[in-house]
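Novice: sequence and predicted model, in that order:
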Amino acid sequence: MRFRLNLAAIVYITMGAVCLAQQSNAPTAGTDPSILDRQWQAGNSQYDAQRKAILQDVERVSHQGPFRPDYESLSQYKVPEWYKDAKFGIFIHWGVYSVPAFGSEWYPREMYIQGSEVYRHHVATYGPPDKFGYKDFIPMFKAEHFDPQTWAHLFKESGAKYVVPVFEHHDGFAMYDSGLSDWTVAKMGPHRDTSGELAKAVRAEGLHLGASSHRVEHNFFLGEGRKFDSDVNDPNYAGFYGPAHARLENKENTPVSNDFTFLSKDYADDWLARSAEIVEKYHPDVMYFDWWIGQPGLRNHLAQFAAFYYNDSLHHGDHVGVINYKDYAMEQHSAVLDVERGQLGDIRPLYWQTDTSISNKSWGYIEHDTFKTPEFVIHQLVDIVSKNGNLLMNVGPRSDGTIPEEVQVILRQIGAWLKVNGEAIYGTRPWIIYGEGPTRVVAGSFNDTAAGAFTPQDIRFTTKDGALYAIALGWPQDGHLTIHSLASTSNLNVGDVTLLGSAIKISFKQEADGLHLNLPAKPEGMYAYSFKITPAR
């Protein structure tokens, strides 16, 4: 009788386990977030010792150097000269999301939003998310044609001075050899430290290396998958998908201070450790963070990272590192403001940066995308530089590691223009005004395509070594260009005018209404034209 009872109990328990396994994809929305957080912690617990060791390094280094982890100290930060001289950088969004190549790099979030275009595409193409989840794309991400030397050479040809690959996006898949996760490009997919290989190639070309981490937003990025049957709910994958909390905010499109999403100290500690790990392993000259580092619960950790990174960069080189932040995430003197897919309307005394993408629809590679023209990018670069900023231009490689030919052509054409006109861009500083002309950009994020086309009367100014550069964003058809800001009543008495890249003598006359230039009917060069103006001796 006892044997039969035990056997029945075993059968009951086994059947129960099977039922639980079958229900592992069942919705978990509304579950106590601390429970979900503990599941995520359990999925990464094998790296607790490594995480603790890195956090100890952070605590020590953040107090060993000129910077402390408080904003009274961090506000003494000075942007390094190399970065202010560089002007142009390359951003790279490449990861598992390039495998489905649909929608955008937010595919891993939107594939779990029922009714969305991406969800419908995913179900029709791969099946429902409880049968084929985001994790199932990883074996398909092979990077079989990735050649870091070819990439680095192309970026050098583009005229860029620094390269910022995304080391980890919101999807939670580390594109570097992380010692804090199973879910890395070195352990899965390509089984290569793609970011590490690219770092060596970039530096071999004489370019500066940056690193972008969007890890902090992973806290909520997969949370939509908790609302219905999907593999996000399976505790077996909590180490990858988790914590996947519900995102809570007062309303959309407000500063992140209105965000009330659950953020545990354990997750903040893990974010700090992963960010510091990138610094310790790769020593990037730039650390780019997305907007959610401004989440109120992360403020102390962010200050600690900044002090750690700045102090560490001075221990390993001759210049301090650069942190890019968005919105109000950091005190404005403590790092470099970044304006996503936008620009500013005037000169900003504090140095800043725009990040945008050559592609119009996505940051990562998708099929049937469209791209900005070389002229558009060059005009944007000139406008930004005239206002004391840098342009970080993104490319999205295919999952096999190739960069689309259309993108390569655009980059090389930008590089060809910079070979001729780089004197008016690299190493320059703003003039007393950024420029003149009828076209005004629309200031702020997500407005980079909102302005109308620039005209030959739109002129932007830069200065270097006592010379003034006037860059015309078009060529006047009548062969006559007037620079009204350089009237005879201005403080600049013009002694000579030359056109960069041309041996043609430019005749000019400085009159009460401006500096009049007589130009050939047809321009030498394309897109924008840089006039070097030398004061009279």
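Specialist: Nice, thanks for sending it over.
Novice: which stretches of this structure have low pLDDT?
Specialist: 1-23, 253 (pLDDT under 70).
Novice: if we use 80, what do you get?
Specialist: 1-23, 251-255, 444, 446-447, 449-452 (pLDDT under 80).
Novice: which residue ranges of the stretch 301-450 of the chain form strands?
Specialist: Using DSSP state E, counting those that start in this stretch, the strands found in the stretch 301-450 of the chain span residues 322-326, 336-340, 352-357, 389-395, 435-436.
Novice: tell me what the second one is packed against?
Specialist: If you count contacts as 3 or more Cβ pairs under 8 Å, 6 or more residues apart in numbering; DSSP states H and E, strand 336-340 packs onto strand 322-326, strand 352-357. Every C-beta, even on glycine, is put in place using the N, C-alpha and C of the backbone.
Novice: what pairs with it, parallel or antiparallel?
Specialist: With DSSP bridges as the test, strand 336-340 is paired with strand 322-326 (parallel), strand 352-357 (parallel).
Novice: residue 496: which of these is closest?
Specialist: Checking the strands paired with strand 336-340 against residue 496 by Cβ to Cβ gives strand 352-357 as the closest, at 32.3 Å.
Novice: what's the angle between the closest one and strand 389-395?
Specialist: 20 degrees (axes from the mean of the first three to the mean of the last three Cα atoms, to 10 degrees).
Novice: contacts for strand 352-357?
Specialist: In this structure, residues lying in contact with strand 352-357 by Cβ atoms under 8 Å, 6 or more residues apart in numbering are 91, 93, 288, 324, 336-344, 363, 380, 384, 387-396, 448.
Novice: now for residue 45, how many residues are close by?
Specialist: Residue 45 sits with 12 neighbouring residues when counted by other Cβ atoms under 10 Å.
Novice: how much space separates residue 388 from residue 428?
Specialist: 10 Å (Cβ to Cβ, to the nearest Å).
Novice: sorry, back to before: in TSV: the helices and strands packed on strand 336-340, plus distance to residue 297 and mean neighbour count.
Specialist: Formatted as TSV, the helices and strands packed on strand 336-340 follow (distance: least, Cβ to Cβ, whole Å; neighbours: other Cβ atoms under 10 Å):
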stretch	distance to residue 297	mean neighbour count
strand 322-326	16	24
strand 352-357	25	23
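Novice: can you count the residues close to residue 493?
Specialist: Residue 493: 11 neighbours (other Cβ under 10 Å).
Novice: again with residue 460
Specialist: By other Cβ under 10 Å, neighbour count at residue 460 equals 28.
Novice: who touches the residue nearest to residue 349 when sequence neighbours are not counted in this structure?
Specialist: Sequence neighbours aside, residue 388 is the residue nearest to residue 349 in space, at 7.1 Å (criterion: Cβ to Cβ, 6 or more residues apart in numbering). Applying Cβ under 8 Å, 6+ apart, we find residue 388 in contact with 347, 348, 349, 350, 351, 352, 429, 430.
Novice: nearest spatial neighbour of the second one, skipping sequence neighbours?
Specialist: Right, residue 348. Counting by Cβ to Cβ, 6+ apart, residue 348 lies nearest to residue 388, which is 5.4 Å off, once chain neighbours are set aside.
Novice: any idea how far that neighbour is from residue 353?
Specialist: Per Cβ to Cβ, residue 388 is found 10 Å from residue 353.
Novice: now do residue 399
Specialist: 28 Å.
Novice: now residue 343
Specialist: Distance from residue 343 to residue 353, by Cβ to Cβ: 10 Å.
Novice: so residue 438 sits against residue 457, correct?
Specialist: Yes - between residue 438 and residue 457 there is a contact under Cβ atoms under 8 Å: 6.0 Å.
Novice: looking at these two now, which is surrounded by more residues?
Specialist: Neighbour tally, residue 438 and residue 457, criterion other Cβ under 10 Å: the higher count belongs to residue 457, 17 against 9.
Novice: so which helix or strand takes in that one?
Specialist: Following DSSP states H and E, there is no helix or strand that holds residue 457.
Novice: equivalent analysis for the one 3 residues further on, please.
Specialist: For residue 460, the enclosing helix or strand under DSSP H and E is strand 459-464.
Novice: now do the following helix or strand past that strand: distance to the chain's middle.
Specialist: Going down the chain from strand 459-464, the next helix or strand is strand 467-472, by DSSP H and E. Counting by Cα atoms, centre = their mean, to the nearest Å, strand 467-472 is centred 30 Å from the centre of its parent chain.
Novice: after strand 467-472, next one along is what?
Specialist: Heading C-terminal from strand 467-472 (DSSP H and E), you reach strand 480-483.
Novice: tell me the buried residues in that next one?
Specialist: For strand 480-483, burial by neighbour count (16 or more other Cβ atoms under 10 Å) applies to 481, 482, 483.
Novice: out of these, the closest to residue 468 would be?
Specialist: Of the buried residues of strand 480-483, the one sitting nearest to residue 468 (Cβ to Cβ) turns out to be residue 483, at 9.7 Å.
Novice: contact partners for the closest one?
Specialist: 436, 459, 470, 514, 515, 517.
Novice: can you check residue 184 too?
Specialist: Taking Cβ under 8 Å, 6+ apart as the test, what residue 184 contacts is 173, 174, 175, 176, 177, 178.
Novice: who's in contact with the last one?
Specialist: Shown in contact with residue 178 (Cβ under 8 Å, 6+ apart): 168, 184, 186, 274, 277.
Novice: cool, and the second one?
Specialist: When the contact criterion is Cβ under 8 Å, 6+ apart, the partners of residue 174 are 167, 168, 181, 183, 184, 185, 274.
Novice: and for the fourth one?
Specialist: When contacts are counted by Cβ under 8 Å, 6+ apart, residue 176 touches 167, 168, 184, 185, 186, 193, 194, 195, 196, 278, 281, 282.
Novice: what residues are up against the last one?
Specialist: Looking back up the chat, that one is residue 282. 167, 176, 195, 196, 199, 209, 211.
Novice: kindly report the same for the fourth one.
Specialist: When contacts are counted by Cβ under 8 Å, 6+ apart, residue 185 is found next to 141, 143, 173, 174, 175, 176, 177, 191, 192, 193, 194, 195.
Novice: counting by contacts, list what the helix or strand encompassing the last one packs against.
Specialist: Okay, so that is residue 195. Counting by DSSP H and E, the element that carries residue 195 is helix 194-204. Applying 3+ Cβ pairs under 8 Å, 6+ apart, we find helix 194-204 packed against helix 148-157, strand 162-168, strand 208-213, helix 265-282.
Novice: thank you kindly, that will do.
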